[in-house]
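J.: Below are the sequence and a predicted model; questions follow.
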Amino acid sequence: MRSDTIKKGVEKSPQRSLLKALGYTDSQINKPFIGIVNSFNEVVPGHIHLKDIARAVKDGVLSAGGTPVEFNVIGVCDGLAMGHAGMRYSLSSRELIADSIECMVRAHCFDGLVFIPNCDKIVPGMLMAAARLNIPSVFVSGGPMLSLDNGKGCGLDLNSSFEAVGAYMSGKISESELYEIEDNCCPGCGSCSGMFTANSMNCLCEAIGIALPGNGTIPAVYAKRIRLAKEAGVRVMEAVEKNVRPRDILTPEAFENALSVDMALGCSTNTVLHLMAVAHEADVRLDLDMVNRVSERTPNLCKLSPAGPHHIQDLYAAGGVYRVMAELRKAGLINENALTTNGKTIGEALDSERFYITRNDVIRPIDNPYSPYGGIAVLRGSLAPDGAVVKQSAVAPEMLVHKGRARVFDSGEEAAEAIYAGKIKSGDVVVIRYEGPAGGPGMREMLTPTSAITGMGLDKEVALITDGRFSGATRGASIGHISPEAAKGGPIAYVREGDLISIDIPNKKLDLLVDAAELEARKKETDLKIKTDLKGYIARYARTVSSADKGAIVS
């Protein structure tokens, strides 16, 4: 056992004395040590209940003959960090999470790990750590928040509140209606209830094979979530016994499966950043061209919020992620030989899954999709030579092809202020720059300005492009991850007010309609805006982070 390094032999008596100071008996010390990597805190609604999940995981480990040892990692709430400087610490916390787990696990010699994430950056941060450490591992999330009906046949979620602000600012709803949404859109614990980044990543953990069926969709408040956590504790002991490790699971075939499910579900654009970062840790090649190849062949089978009316509880009622994979398998879009954490292949796991289905309107059959291509598209062109990403399944048909005048802002706050003030008009293309991984720094999410556009009824008339990124809750013609970013001298740095920008999502094009000579002249007379007042971790992050097209990794 790996843990023998700190507990076996006469010379390890001092270490055993420290373990006994924790209350462990000789019998417990002699069993495999299973690290319970818990992201519980009292800040994030998706994490407030993770003590209960951890208790259930420990019960599973104990029942299977292991000794559970819990430690905690940080977690940032993107919703609370949204719209101010705190959002710089969201994406950047992903690397801190991975690094801190590496420190704890290497220092204390665990035999296996159960990871308990739930929200946005915590899931990929833990996946990166699992790939880096390559110790038998199982993931079990805290589960999605429920969505309450708004009384008009539509479910509420966090995005409802963001969009309600824009609706209130434009006089479309009253103050009392705004507060009614505020009071009911987040009814309890769990990751926010749409197909936003957290739920996207928790679903993709199933598709990859490192989490058990139901991980992404069983609601946080269901008893079945507790049973799943206990099962995860049992399964990690089996993984330790069989020495099934993360890199046995995180193969090229597994990432291809994840992308296929991503496209079918219409997941968050952030999954592109995160899958690339996890693949980097697993020494698997994954790039934007592969994202487009998978998108072009994979039909979009679901319209989950923000792309449509359904929420994660509806996907659960329709059979969940494995039910989506079963549809994709019919068209040969799933690599069935990819391994799962329990030692079965994906094909075997699908064969043995029993579907409890109470809704037939959430997952479309493979021969009747919403569209023949996937939920995400990568665009390239003179404005984004190295790529940009859009959630095309959440774009109104009339905005898939658009040409408009640039309205240029150097921060998300400036853009939101202009939108709320009614300065953005039909046909405009809002350009938000200096929000990239290094230039932001931290590649902040632009949910406030995109929600303002939608709430004010402009989402079918106005586009937004940025070298920052978007919340999974964003809908509309919102194009992010523009690479190279402004701070690195990308073309977006030289866009001027009134320039024509051409967006052609079906043909994967994003162009600045300025001739080459004019653009070169602008480069010579434009000083890039580099933030020089940064200190601490975020300053180190800004110096070392890669571009978005490489996953915004730090190496």
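T.: Thanks, I have it.
J.: hey, let's count contacts and neighbours off CA atoms from now on
T.: Fine.
J.: Where do the helices of the stretch 201-350 of the chain begin and end?
T.: Ranges of helices within the stretch 201-350 of the chain are 223-242, 246-249, 252-265, 270-281, 288-297, 312-317, 320-330, 346-352, based on DSSP state H, counting those that start in this stretch.
J.: just the strands in the stretch 351-500 of the chain please.
T.: Remark: strands assigned in the stretch 351-500 of the chain by DSSP state E, counting those that start in this stretch are 377-381, 384-390, 401-409, 429-432, 463-466, 478-483, 500-504.
J.: Save these as TSV, and put in mean pLDDT, distance to Ile226 and mean neighbour count too.
T.: Shown next, in TSV, are those (pLDDT from 0 to 100; distance: least, Cα to Cα, whole Å; neighbours: other Cα atoms under 10 Å):
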stretch	mean pLDDT	distance to Ile226	mean neighbour count
strand 377-381	98	36	25
strand 384-390	98	35	25
strand 401-409	98	46	20
strand 429-432	98	43	28
strand 463-466	98	40	28
strand 478-483	98	37	29
strand 500-504	98	46	21
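J.: how about Ala477, what does it touch?
T.: By Cα atoms under 8 Å, 6 or more residues apart in numbering, Ala477 lies in contact with 390, 392, 394-396, 399-400, 459-460, 462-464.
J.: Buried residues of stretch 520-540, list them for me.
T.: Using 16 or more other Cα atoms under 10 Å as the test for burial, stretch 520-540 gives 522, 528, 538-539.
J.: ditto for stretch 448-457
T.: Buried residues in stretch 448-457, defined by neighbour count with 16+ other Cα under 10 Å: 448-457.
J.: give me phi/psi at Ile34?
T.: With angles defined as degrees, to the nearest 10, Ile34 sits at phi -110, psi 110.
J.: Now do it against Val234, distance only.
T.: Using Cα to Cα, to the nearest Å, Ile34 is found at 11 Å from Val234.
J.: Among those two, which residue is more densely surrounded?
T.: More crowded of Ile34 and Val234, by other Cα atoms under 10 Å: Ile34, with 27 against 23.
J.: what bridges to the more buried one?
T.: Pro68, Gly112 (DSSP bridges).
J.: That one touches Ala64, doesn't it?
T.: No. Using Cα atoms under 8 Å, Ile34 makes no contact with Ala64, being 11.2 Å away.
J.: what's around the residue nearest to Gly320 when sequence neighbours are not counted, how many residues?
T.: Distance criterion Cα to Cα, 6 or more residues apart in numbering; nearest residue to Gly320, sequence neighbours excluded, is Thr217 at 6.1 Å. Applying other Cα under 10 Å, we find 29 residues neighbouring Thr217.
J.: Now do the contacts for Thr217.
T.: Thr217 neighbours (Cα under 8 Å, 6+ apart): 143-144, 199, 203, 312-313, 315-316, 320-321.
J.: separation between it and Asn134?
T.: According to Cα to Cα, Thr217 and Asn134 sit 26 Å apart.
J.: again with Val291
T.: Val291 is 25 Å from Asn134, by Cα to Cα.
J.: Between the two, tell me which one has more neighbours.
T.: The neighbour count for Val291 versus Asn134, taken as other Cα under 10 Å, is higher for Val291 (22 against 18).
J.: one step back: mutual contacts of Ile34 and Val234, please.
T.: Val61.
J.: Buried ones in stretch 4-21, by neighbour count?
T.: 4, 6-7, 16, 19.
J.: for those residues, which one is nearest Ala438?
T.: Ile6 (40.4 Å; Cα to Cα).
J.: who's in contact with the closest one?
T.: 12, 15-16, 108-109.
J.: Which of these fall in helices?
T.: Those of these mapping onto helices are 15-16, 108, per DSSP state H.
J.: JSON lines please, covering the residues you listed and showing pLDDT.
T.: Putting the ones in helices among the contacts of Ile6 into JSON lines (pLDDT from 0 to 100) gives the following:
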{"residue": "Gln15", "pLDDT": "98"}
{"residue": "Arg16", "pLDDT": "98"}
{"residue": "His108", "pLDDT": "98"}
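J.: just curious, which of the contacts of Thr217 is nearest to Glu241?
T.: Lowest distance from Glu241 to those (Cα to Cα) belongs to Cys203, with 26.2 Å.
J.: how close does the residue lying closest to that closest one once chain neighbours are set aside get to Glu281?
T.: Excluding the flanking residues, the one nearest Cys203 by Cα to Cα, 6+ apart is Gly216, at 4.1 Å. Distance of Gly216 to Glu281, computed by Cα to Cα: 22 Å.
J.: So for those two, which residue has more residues nearby?
T.: A count of neighbours by other Cα under 10 Å puts Gly216 above the other of Gly216 and Glu281, at 32 against 19.
J.: just to revisit the earlier point, just curious, which of the contacts of Ile6 is nearest to Gly188?
T.: Using Cα to Cα, His108 comes nearest to Gly188 of the contacts of Ile6, at 35.2 Å.
J.: deepest of the helices of the stretch 201-350 of the chain, which one?
T.: Sort those by mean neighbour count, taking mean count of other Cα atoms under 10 Å, and helix 252-265 sits at the top with a mean of 26.
J.: got a list of what Thr197 touches?
T.: With contact set as Cα under 8 Å, 6+ apart, Thr197 has these partners: 119-120, 267-271, 471-473.
J.: Quick one, which of those are buried?
T.: Counted by 16+ other Cα under 10 Å, these give 119-120, 267-271, 471-473 as buried.
J.: how deep is Gly112 tucked in, by neighbour count?
T.: The number of residues packed around Gly112, counting by other Cα under 10 Å, is 31.
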